Every structure is written in structure tokens, then in C-alpha cells.
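Undergrad: Sharing a model that was predicted from the sequence below.
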Amino acid sequence: MKNLIIPIFIVLVLAGCAVGPKYSRPETVETKTPEVYFQPVENPDSITNLAWWDVYQDTVLRSLIQNAVDSNLNLLTAMARVEEAQAILGYNKANMGPSIGYGASARASEYRERAQEAGVGFNTNSYSVLGNISWEIDIWGKLRHANRAAYAELLASEENRKSIFISVVAQVAELYFNLRGLDDRYKITQRTYQTRLEYLRIIELRFEKGDVSELDKLQAEQIAADAKAGMYSLEREMIFVENAIGILTGKTYSPIARGLQNDQQLLPLDIPTGLPSELLERRPDIVQAEQLLVAQTERIGVAVAMRFPSLSLTGFLGVASPDISKLFVPNAVLGSISGQLAGPLFQFGQNKRRVEAERARAKQYAYDYEQTILEAFAEVENSLAEIRTYSNEYDARVEQVNATTKSLMLSKALYDNGYTSFLQVLDAERELYYSEFEKSLALQSQLTSTVRLYKALGGGW
């Protein structure tokens, strides 16, 4: 044992001689992080502190989101990737320990007297039971770098799962608000169609009496047919949206249940955002990009360590005997231990190029990381701008609908009393239809921009 103390001490000291770079966050990341968001924010708290079931109060929407979370195939795939990364991490951890195996053999042979005289062989029997061990001593940190790289990839896969989770929730909510918007515009178009049919009926009666020209009749037919065509167009869009929701929830097509209308939705429209620096730690795709950079940095360490010699220990211990009845007696014990030091000497620059390739890949991951940060801040700013402007646009559309409603009433009164042409009535009616349509779109966009901000801030998982 005394003879083993010095070699063991030397091995332990060498095991601390890890080579390769240590990860540090790129300095440019801090310079690309603004102190505050440019778009005005009134409340310092963050919507990301709320789970998605606290943000969306529509029970039907909650049910659709829950179905998607449970059954979405992309999300299930991401969860399987996390499990794969966990297994790979466990595999890499196991590489750091010794490998222990066993083996048993038996041989019996017989050579007659003449055969032995010929020198071909001799009678011999052998039986053995051996245990073997091999262990690569991680002197330069190759295995430790690989283990840390696997751990970073596990974290990255978990962040990818979170990112897909948020995306699925946001897509379901956005499509649902889109569907309810289409329902609203279908009702507007259906009501407009009925009104235009009534126009057509009245104009036809007046045309038969000779009170109006055929042009008025043709114009009435034209606008009625236009509204009818619009209903079919909206119906087609609704089926497309329902199919999209079905795919997210892992189901084939079926009509989607409806809950609250868009103008009944209770969402925190004055959405705060928190500080920009929090986004670096909170948004999954940013964290994922950084962990991929961490993993690649560790791979540089693996490549550097491969340029140095490796030390491995091998040994075996067991029993052997030519007589199976004496296989387990003390004199049958045998054992051996050996060490091997092997390293590259001249490989025409292979190892150097391997390190250079890993460093170049690390640069790519660093650029991807910075690009992800820039895109994330842009998405937050865009979403904040959308919420503010769509809110103002919706208020303006409400005023427009009120004004065009009164304009249509006056135009009809003037036409009925013969003070204006039917064309003015048509223009006023088209303006009302257009303004109601745009009002519905503005409200839908206001709701979906709230969803986009929720997604952009990385909350809800």
C-alpha cells in the first residue's frame, strides 16, 4: 500500500490539470441589452409572473390550451428530446468511472500418444474465472468537458421544451381570437347580406312600378351578391383556422367550441414588461442559445485535451487451474495491473485543426446567441407598439362605426324622399360594412398582440 501512495497522489494532481477555455458570457451581450424598453410601460410588474391559465379567463380557450399542452406532437417530441439529453448526460457521467467486466473460460483437449510424439499438441485442460477493470484517468479534463457539454445540452433541450410550450399556448390563443373574430365578421356580413336583400326587394318593387331605373336594381343585386360571397369566404377561413387548432391539439378536424366573444375577453391590456435585463434569464430561446454556446465551449476543451497523452489503467483478478476441482484454492489466484500512457506525436496537424474547427463553431453559436437576443428585444418592442397602436386604432374604429351608422341613416332618409341617388346609399352602406369589418379586425389584433407580447416576454411556462 505504501508503494501505491505516491502514484495515486501523482494521478490525483494530474487529474486537476484540465485544459481548454472556461465559458464566460460574451461582453457584447451586455452592450446589446437596453436599460429600459423604448415603448412606454406604466406598471413595473410583469405579466410573465402569471401562468397562462391566469391570463386567459375564457374557459373554452383554457380547455383548448390544456388539450394542446397534453397532446401537441411537437411538444411531446421536445419532451422526448429532454429525456434523450438526460440519458446522454448519464452516459457521459458513466465514462468518468472505471469499466468493470467479467469473463469465464474452459478448455479441454486430448491428444493420443502418437500425436504427442509428432509434436502437434499435448493434453491440456484449463479453467478460469476472471474479473477485469479498465479506467481512463481524466488528466486533461477531456471527460469532464464532455460531461459539462452534455449537461449544457440537457439544459438547452429543456429550454427548447419551454419555448415550444409557450409557442403552442400562444398559437392556440391567437388562432382562437382569430376564429372568434371571423365569427364576428361572419355575423356582420350575414347581417349586411340580409339588409342588402331587403334593399334589393324594395328596389325591385320600385323598379316594377317604374319609380327607379334598372341601374339602381343592378347595383342592389351587385352589393347583395358581394355580401353573399363574403360569407362563403369567411366560412372557408373558419374551417382553415379550426383545422389549425386541431393540429395543435393533436386531433383531426372537428368544429371548435366557442366561448366568449372577442369583445367579452378580459385580458390585462395594459401589460407591463419588467426590465430588459430580465429577458436574458427568462426567455427560453435566449437561455437555450446560451447553453448551446456553453456546450460548444466545453467541446473546445475536449478537442484541446485530445492533443495531450491519455493515461489508462487496466487490470484483472481471478482464478485459473487445469483442474476444475481445484479452481478456487488459494494457489489458483492470479492478478495483474498495468498502466498505459499514449498520445499523439505527429498527425499532420489533425489535432490542431480539430481545435480550430471547434473554436469556429463556438463563434457561430456566439453569433446565434447575440442574434437571438436582438430578435427577442425587437419582438417585445414590436408587441408593445402593437398593443398601444391597436388599442388606439380600435377606439378610432368605434368612432368611425358610429359616424357611418348615422351617415347611412341620413342617406336612406334622403333617398326615400327623393333628395339623393341610390348610389349615395350604397356608398354609405359600404362604408358602414367596411368600418364594422375593420373594427372587428382591430379588436382581434389588439387581443393577438397581447398574446404576442406574452410570448415575447417568455412567460407562462
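TA: Yep, it's here.

Undergrad: so where do the helices sit in the stretch 251-400 of the chain?
TA: With DSSP state H, counting those that start in this stretch, the ranges of helices along the stretch 251-400 of the chain come out as 276-282, 284-305, 350-416.

Undergrad: by contact count, what packs against the second one?
TA: Put plainly, it is helix 284-305. helix 142-209, helix 276-282, helix 350-416 (3 or more C-beta pairs under 8 Å, 6 or more residues apart in numbering; DSSP states H and E). C-beta: built from backbone N, CA, C; applies to glycine.

Undergrad: ok and the last one relative to helix 284-305, angle-wise?
TA: Going by axes from the mean of the first three to the mean of the last three C-alpha atoms, to 10 degrees, helix 350-416 is angled at 170 degrees with respect to helix 284-305.

Undergrad: Now do helix 350-416: distance to the chain's middle.
TA: Taking C-alpha atoms, centre = their mean, to the nearest Å, the mean C-alpha location of helix 350-416 is offset from the chain mean by 19 Å.

Undergrad: Just the angle for it relative to helix 142-209, thanks.
TA: Going by the same axes, to 10 degrees, helix 350-416 makes 20 degrees with helix 142-209.

Undergrad: Check which residues of the next helix-or-strand element following helix 350-416 are buried.
TA: Per DSSP states H and E, the first helix or strand lying C-terminal to helix 350-416 is helix 422-456. Judged by neighbour count (16 or more other C-beta atoms under 10 Å), helix 422-456 contains these buried residues: 422, 424-426, 428-429, 431-433, 435-456.

Undergrad: looking at the helices and strands packed on helix 284-305, which is buried most?
TA: Highest mean neighbour count of those: helix 142-209, a mean of 20 (counted as mean count of other C-beta atoms under 10 Å).

Undergrad: Would you pull up how far it lies from the middle of the chain?
TA: That offset, for helix 142-209, works out to 18 Å (C-alpha atoms, centre = their mean).

Undergrad: same thing with stretch 307-315?
TA: Centre to centre, stretch against its chain (C-alpha atoms, centre = their mean), the figure for stretch 307-315 is 41 Å.

Undergrad: cool, and stretch 277-288?
TA: Worked out by C-alpha atoms, centre = their mean, stretch 277-288 lies 13 Å from the chain centre.

Undergrad: gap between the two ends of that stretch?
TA: Counting by C-alpha to C-alpha, to the nearest Å, you get 16 Å between the two ends of stretch 277-288.

Undergrad: what's next to that stretch, contact-wise?
TA: Residues from elsewhere that reach stretch 277-288 (C-beta atoms under 8 Å, 6 or more residues apart in numbering): 29, 33, 46, 48, 155-156, 159-160, 162-163, 166, 274, 369, 372-373, 376-377, 380, 456-459, 461.

Undergrad: Can you verify Y127 is assigned to a helix?
TA: No. Counting by DSSP: H, G, I helix; E, B strand; the rest coil, Y127 is not found in a helix; it is strand.

Undergrad: List the beta-bridge partners for it.
TA: Using DSSP bridges, the beta-bridge partners of Y127 come out as A106, S321.

Undergrad: Would you check that it makes contact with P322?
TA: Yes. Contact criterion C-beta atoms under 8 Å: Y127 and P322 qualify, at 7.3 Å.

Undergrad: So for those two, which residue has more residues nearby?
TA: Each of Y127 and P322 has its neighbours counted (other C-beta atoms under 10 Å); Y127 has more, 19 against 14.

Undergrad: how about the more buried one, what does it touch?
TA: Taking C-beta under 8 Å, 6+ apart as the test, what Y127 contacts is S105, A106, R107, A320, S321, P322, D323, I324, L327.

Undergrad: Give me the pLDDT for it.
TA: pLDDT recorded at Y127 is 81.

Undergrad: From Y102, how far out is it?
TA: Distance, Y127 to Y102, by C-beta to C-beta, to the nearest Å: 15 Å.

Undergrad: phi, psi of A104?
TA: Listed backbone geometry of A104 is phi -140, psi 140, with angles given as degrees, to the nearest 10.

Undergrad: P34 versus the most centrally placed residue in the chain, what's the distance?
TA: In the chain, the residue lying closest to the centroid (C-alpha atoms, centre = their mean) is I164, at 3.1 Å. From I164 over to P34 the distance is 27 Å, taken as C-beta to C-beta.

Undergrad: Correct me if wrong: V69 contacts L75.
TA: Yes. Using C-beta under 8 Å, V69 makes contact with L75 at a distance of 6.8 Å.

Undergrad: Show the model's pLDDT score for Q296.
TA: The per-residue confidence score, pLDDT, reads 95 for Q296.

Undergrad: how many other residues sit next to it?
TA: 22.

Undergrad: check contacts around it.
TA: A149, E358, R361, A362, Y365.

Undergrad: in terms of contact, does the fourth one touch A295 like I think?
TA: This means A362. No. Using C-beta under 8 Å as the test, A362 is too far from A295 to be in contact (9.6 Å).

Undergrad: for the stretch 151-300 of the chain, what are the low-confidence residue spans?
TA: Low-confidence segments of the stretch 151-300 of the chain, defined by pLDDT under 70: 267-276.

Undergrad: how about low-confidence regions in the stretch 301-450 of the chain?
TA: In the stretch 301-450 of the chain, no residues with pLDDT under 70.

Undergrad: tell me the contacts of the nearest residue to R185 once chain neighbours are set aside?
TA: Nearest non-adjacent residue to R185, counting by C-beta to C-beta, 6 or more residues apart in numbering: S440, 4.9 Å away. S440 makes contacts with G181, D184, R185, I188, N262, as judged by C-beta under 8 Å, 6+ apart.

Undergrad: What is the nearest of those residues to N402?
TA: Within the contacts of S440, proximity to N402 (C-beta to C-beta) peaks at I188, which comes in at 15.1 Å.

Undergrad: Roughly how far does the closest one sit from V398?
TA: 14 Å.

Undergrad: what does N147 give?
TA: 61 Å.

Undergrad: mind listing the helices for the stretch 1-150 of the chain?
TA: Going by DSSP H, counting those that start in this stretch, the stretch 1-150 of the chain shows helices at 2-14, 27-31, 52-55, 59-71, 73-95, 113-117, 142-209.

Undergrad: can I see the domain layout of this protein?
TA: Using automatic domain parsing, the domains assigned to the chain come out as 17-96+138-308+343-456, 99-137+309-342.

Undergrad: How far away from the center of its chain is the last one?
TA: Read it as domain 99-137+309-342. 55 Å.

Undergrad: and if you look at the longest one?
TA: Relative to the mean C-alpha coordinate of its chain, domain 17-96+138-308+343-456 is positioned 13 Å out (C-alpha atoms, centre = their mean).
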